[in-house]
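Peer 1: Sharing a model prediction with you, sequence too.
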Amino acid sequence: MNEYTVFHTMAWPSAYAIYFFVIGIASALFFFSALSWFREDYYRPLREKAFYASFVLLAVGGLLLIGDLSQPGRFLNTINPAYMNFRSPLAWGALNLMSFGLVSVLYFFMMRKGDAVNSKRLAVIGSLLALGLPIYTGFDLTVHQHRPVWSTPLMPVLFVGLSLLSGAAVATLLNQGDEKLASALRRLMLWSAGAVGAMLISLLGTTAYGGVGAELTFMFLTTGTLGMIFIGVGIIAGTALPIALLLAPFGRQQVGMMAASVLILVGGMALRYSILYGGQILQTYY
Amino acid sequence: MTQELLMSSTETRGKPGVRRYAMVIDVRRCIGCMACQVACKAEYDVPLGVFRTWVPYRVTGKYPTVKKQFLPRLCNHCDDPPCVRACPVGATYKLEDGGFVLQHYDRCIGCKACMASCPYNARFMLPEHRTYTDITKVVDKCTFCYHRVIQGLVPACVQTCVGRSRIFGDLNDPNSEVSQLVAKHATQVLRPEQGTKPHVFYIGADRNLTDYGRAVYKRDEQADIERAVFNRNKHI
Ligand code: SF4
Ligand code: SF4
């Protein structure tokens, strides 16, 4: 279609990619803090640090989300029972985000009080809600049936994988030399990076061999600037290279793990950005 | 027949007792004068840079046998609209009687989920400033001129169409011109595979022209230059 009359803009700009990124990390960090009550031998050093980082990121994510609304003042509409549309994943997301925030605050007080019983309870509830965050962000994209790359059942699982991966990378940076924790996080990064890599390969496969819209999206995602971000930064530098690094002897040392973590974080941001944009770029020409 | 058409609870086509408005666009009669686009702009103070209806074109064939083909576009007032499903606060809704897909402007939070979910790019964000209207910074789209239709008028684009390419009416009324056209002619809808059941029917549209072409990927330099200019000025 020649376009001398109309240009469409993208619905969701990069603020959403940053939101996906920080909220993914926030939920994984909460999970690690919660895990510290059940696997004291490995995760204890992370309990407070991971929780505080998670809480700050949750606040940043919430502000980003509200700030991106063109009517930020109306964000309360999302939790107004008279307005809520339960067929929209966004409505569930808003509820999930609010309840996660609430449980996080309660968890903070119980943790400070040293109330192990209630902390454990809240840790479990909070972890389930934390798991809901990357799942709903994935669903947010999945439900758009006409957008290749987004509309795949892989999306919520991919977001959970990315969340664990980036969360473990941040936890590695927060770790102050505890060896047991480092080795647990290294294993976690390897497994989640492997899972993310496998999902990305299948995503590329189904997109490349899809219909004309999917095929064009594949072309946009694998060439030019977006190609460099998706393939170069996201897949090669941010997923494959850290796996190689972590498997090498250097990756067992603290400095090696830190290098891998930085790469994972840069890659995680690039992947979220390119998947968000890749799904929308085609429509701007329709 | 009616039973076969109804698949989701929101569908109103063929439902007894309710109206189902639709538009037929006979692309053989469209001359690309853009009068519809102008009438629409005037009707609802549609701001610069965004459109409730627009008329893209493609030039097909090889010189000297080239043909310019127009494809007037607007919200399809889908019978199973993904934009209604996507809206977290019910700001986008569908009227059962008439099938109009409309917008509660005072409720919209501007999350743009509806924009992301419309397979036809029929929605846009209203800019911060408008000339005569104070509805700003919410999502908007074609309303099938609901305000005119309830007064017994046809939409502004239909009224103004020079070639009588656009015809509007109640598809559930067997005597209306739209139902007769849809019954008599082979019609096309945009992207039927999306399951949205669009209610803008085209006569004479070629599927090769209504879907993505590879030209989208290898777009010409001029289009890129114009897009850059548009992106620079889109906040007017
Ligand atoms: S064309 Fe788009 S905006 Fe209009 S009803 Fe269908 S999905 Fe909604
Ligand atoms: S932008 Fe407005 S109408 Fe669209 S989904 Fe969000 S709240 Fe609903």
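Peer 2: Yep, it's here. Ligands and ions are numbered 1, 2, ... in the order given.
Peer 1: which parts of the stretch 101-250 of chain A sit against chain B?
Peer 2: The interface of the stretch 101-250 of chain A toward chain B, taken as Cβ under 8 Å from any Cβ of the partner chain, is made up of A:140, A:143-147, A:212-213, A:216, A:219-220. (C-beta placed from N, C-alpha, C; glycine too.)
Peer 1: Buried by neighbour count, from these: which ones?
Peer 2: Burial of those was assessed by neighbour count (16 or more other Cβ atoms under 10 Å in any protein chain shown); the buried members are A:140, A:143-144, A:146-147, A:213, A:216, A:219-220.
Peer 1: Backbone dihedrals for B:I135, both of them.
Peer 2: Reported as degrees, to the nearest 10, the phi and psi values for B:I135 are phi -80, psi 110.
Peer 1: for B:V101, same thing?
Peer 2: Listed backbone geometry of B:V101 is phi -100, psi 120, with angles given as degrees, to the nearest 10.
Peer 1: OK, contacts around the spatially most central residue of chain B?
Peer 2: In chain B, the C-alpha closest to the average C-alpha coordinate belongs to B:L74, at a distance of 1.8 Å (Cα atoms, centre = their mean). For B:L74, the set of contacting residues under the criterion of Cβ atoms under 8 Å, 6 or more residues apart in numbering or on different chains consists of B:23, B:52-54, B:122, B:142, B:157, B:200.
Peer 1: and the residues you listed as a markdown table, adding pLDDT?
Peer 2: Supplementary listing: these in a markdown table, determined by pLDDT from 0 to 100:
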| residue | pLDDT |
| --- | --- |
| B:M23 | 98 |
| B:R52 | 95 |
| B:T53 | 96 |
| B:W54 | 93 |
| B:A122 | 95 |
| B:C142 | 98 |
| B:C157 | 98 |
| B:V200 | 98 |
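Peer 1: Among those, which one sits closest to ligand 1?
Peer 2: Each of the contacts of B:L74 was checked against ligand 1 using Cβ to the nearest ligand atom; the closest is B:A122, at 4.1 Å.
Peer 1: quick one: the closest one is in a helix?
Peer 2: No - when the secondary structure is assigned by DSSP: H, G, I helix; E, B strand; the rest coil, B:A122 falls in coil instead of a helix.
Peer 1: how much space between it and chain A?
Peer 2: In this structure, B:A122 lies at 10 Å from chain A, with Cβ to the nearest Cβ, to the nearest Å as the measure.
Peer 1: Wait, that residue touches B:T143, no?
Peer 2: No - at 10.9 Å, B:A122 and B:T143 do not qualify as touching, with contact defined as Cβ atoms under 8 Å.
Peer 1: Compare the two and say which is more crowded by neighbours.
Peer 2: The residue with more neighbours, out of B:A122 and B:T143, is B:A122; 28 against 20, by other Cβ atoms under 10 Å in any protein chain shown.
Peer 1: Tell me how many other residues surround the spatially closest residue to the more buried one that is not a sequence neighbour.
Peer 2: Computed as Cβ to Cβ, 6 or more residues apart in numbering or on different chains, the closest residue to B:A122 that is not its neighbour in sequence is B:C75, at 3.9 Å. Burial measure for B:C75: 26 neighbouring residues, criterion other Cβ under 10 Å.
Peer 1: Go through the chain and flag its longest helix.
Peer 2: You didn't pick a chain, so chain A it is. Determined from DSSP state H, the single longest helix within chain A is helix A:179-208.
Peer 1: Not quite, go with chain B.
Peer 2: helix B:221-233.
Peer 1: Correct me if wrong, but B:Y21 is in a strand.
Peer 2: Yes - counting by three-state DSSP, one finds B:Y21 located in a strand.
Peer 1: sorry, back to before: residues of the longest helix of chain B that come out buried?
Peer 2: Of the residues in helix B:221-233, those scored as buried under the neighbour-count criterion (16+ other Cβ under 10 Å) are B:223, B:227.
Peer 1: from the middle of its chain, how far away would that helix be?
Peer 2: Averaging C-alpha coordinates over helix B:221-233 and over its chain gives two centres that are 24 Å apart (Cα atoms, centre = their mean, to the nearest Å).
Peer 1: and if you look at stretch A:139-148?
Peer 2: Mean-position distance between stretch A:139-148 and its chain equals 17 Å (Cα atoms, centre = their mean).
Peer 1: Can you report the mean pLDDT over the residues of that stretch?
Peer 2: The pLDDT scores in stretch A:139-148 average 94.
Peer 1: pull the CA atoms of it into PDB?
Peer 2: What follows is the C-alpha trace of stretch A:139-148 in PDB, where atoms were taken according to Å, rounded to 0.1, in the frame of the first residue of the first chain:
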ATOM      1  CA  PHE A 139      -0.400 -12.700  27.700                       C
ATOM      2  CA  ASP A 140      -0.600  -9.000  26.900                       C
ATOM      3  CA  LEU A 141       1.200  -9.700  23.700                       C
ATOM      4  CA  THR A 142      -0.100 -13.200  23.000                       C
ATOM      5  CA  VAL A 143      -3.700 -12.100  22.800                       C
ATOM      6  CA  HIS A 144      -3.200 -10.000  19.700                       C
ATOM      7  CA  GLN A 145      -4.100 -12.600  17.200                       C
ATOM      8  CA  HIS A 146      -2.900 -10.700  14.200                       C
ATOM      9  CA  ARG A 147       0.600  -9.900  15.400                       C
ATOM     10  CA  PRO A 148       3.200 -12.400  14.300                       C
END
